[in-house]
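>>> just need the structure, nothing else, for what follows:
(chains A, B, C and D)
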Protein chains: 2
Amino acid sequence: METVDTLPQEGTLLSTGNSDVPAQALSRIQAHAPSACRTVTEVLARVGDKWSMQIVMSLADGPVRFNALRRAVDGISQRMLTRTLRALERDGLVSRMVTPSIPPRVDYALTPLGESLRRPVGLLGDWAVTHRETIASARERFDREQRGEAA
Amino acid sequence: METVDTLPQEGTLLSTGNSDVPAQALSRIQAHAPSACRTVTEVLARVGDKWSMQIVMSLADGPVRFNALRRAVDGISQRMLTRTLRALERDGLVSRMVTPSIPPRVDYALTPLGESLRRPVGLLGDWAVTHRETIASARERFDREQRGEAA
DNA sequence: CGGCATCCGAATGGATACTG
DNA sequence: CAGTATCCATTCGGATGCCG
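Alright, predicted model coming up:
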């Protein structure tokens, strides 16, 4: 068989019919628009997996070869690197450039679309870095209180 | 038993020791700092699950009761609503206010931290809304090409 | 070097039934 | 009303082995 073992991403990313509403208007009303909320969810689901963003960030400086990428991302298995790259390629975030030499050479790079993702994700990263300690202590407190009332 | 059935979130959110680096500096260098990349990944993993953001967005206007929230989010099961709310509460993004009446009343609301999440997530949502058609056609093309070379 | 196929444990998440 | 407990299907993701 040759199932290619793809990430099971259907074309679910937004099909709810508000294609007539301009993007800027949507940004203001999205607190009330369930469809827009779902768009956020879809993107987060797409991009929020274990490896996608680490890969995108690793490609920030330019094309990287497969095994270099494998080393750069660190904990990733070959299987997941392939799968995630295919998924990113499918969505047009990453391009795949094959140089048919021996041994073969394959370079991955961000497309303009992939580049454009770096900003919003970076901002989310800033949020994370800024608030990580607040979150950490909130967790501690919560866990402490849970154990406290269990006794 | 009373396992409470929590989301398995450990306190993994950033423990790599660069607490001395200011956030703004990190925002610039994060393309090269693997630890910062992982922070992004952690947050995305935390926030990128199927329901968290829909819940946060649904709480944007103020406190909402459990079942109202259940209706607002739409496809969510009771189990996942409870689990996700607990996880959000644990991280200090959502507060839980119990009014011990009969029948009982529980209101959920965004904390200031939860409010602060809405901006970066909203921007990511804008990105999604803006580029959804590009993504959709990229997918179509990819799938078409895949099927084409299979023949 | 850059994959693909297979096996398998772990996690996610839905449905249902029961409770204070 | 606001949960909790149990069961179950699907998906995620790692390890290993083979191939051009």
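>>> mind checking what secondary structure the residue of chain A found nearest DNA strand D has?
Closest contact between chain A and DNA strand D, by CB to the nearest atom of the strand, is at A:Lys50 (3.2 Å). No exception for glycine: its C-beta is placed from N, CA and C like everyone else's. At A:Lys50 the chain is in coil, as set by DSSP: H, G, I helix; E, B strand; the rest coil.
>>> all helices of chain A, in order?
Listed in chain order, the helices of chain A (DSSP state H) span A:23-29, A:34-47, A:52-58, A:66-73, A:78-90, A:112-150.
>>> tell me the most buried of the ones you listed?
Ranked by mean neighbour count, these are led by helix A:52-58 with a mean of 25 (mean count of other CB atoms under 10 Å in any protein chain shown).
>>> mind giving me the packing neighbours of that helix?
Packed against helix A:52-58, as judged by 3 or more CB pairs under 8 Å, 6 or more residues apart in numbering or on different chains; DSSP states H and E, are the following elements: helix A:66-73, helix A:78-90, helix A:112-150, helix B:34-47.
>>> how about the ones you listed, which one is nearest B:Ile102?
For the helices and strands packed on helix A:52-58, proximity to B:Ile102 was assessed by CB to CB; helix A:112-150 is nearest, at 21.8 Å.
>>> so where's chain A shaky on pLDDT?
By pLDDT under 70, the low-scoring segments of chain A are A:1-37, A:150-151.
>>> what residues does it have near DNA strand D?
Chain A has residues A:7-8, A:49-51, A:75-80, A:103-104 near DNA strand D, with proximity defined as CB under 7 Å from any atom of the strand.
>>> quickly list what the closest residue to A:Phe66 other than its chain neighbours is bridged to.
With CB to CB, 6 or more residues apart in numbering or on different chains as the criterion, A:Phe66 has its nearest non-adjacent residue at 5.1 Å, and that residue is A:Val106. A:Val106 forms beta bridges with A:Val98, as assigned by DSSP bridges.
>>> distance-wise, check A:Val106 relative to A:Ser77.
Distance of A:Val106 to A:Ser77, computed by CB to CB, to the nearest Å: 17 Å.
>>> over to A:Met97?
In terms of CB to CB, A:Met97 sits 23 Å off from A:Ser77.
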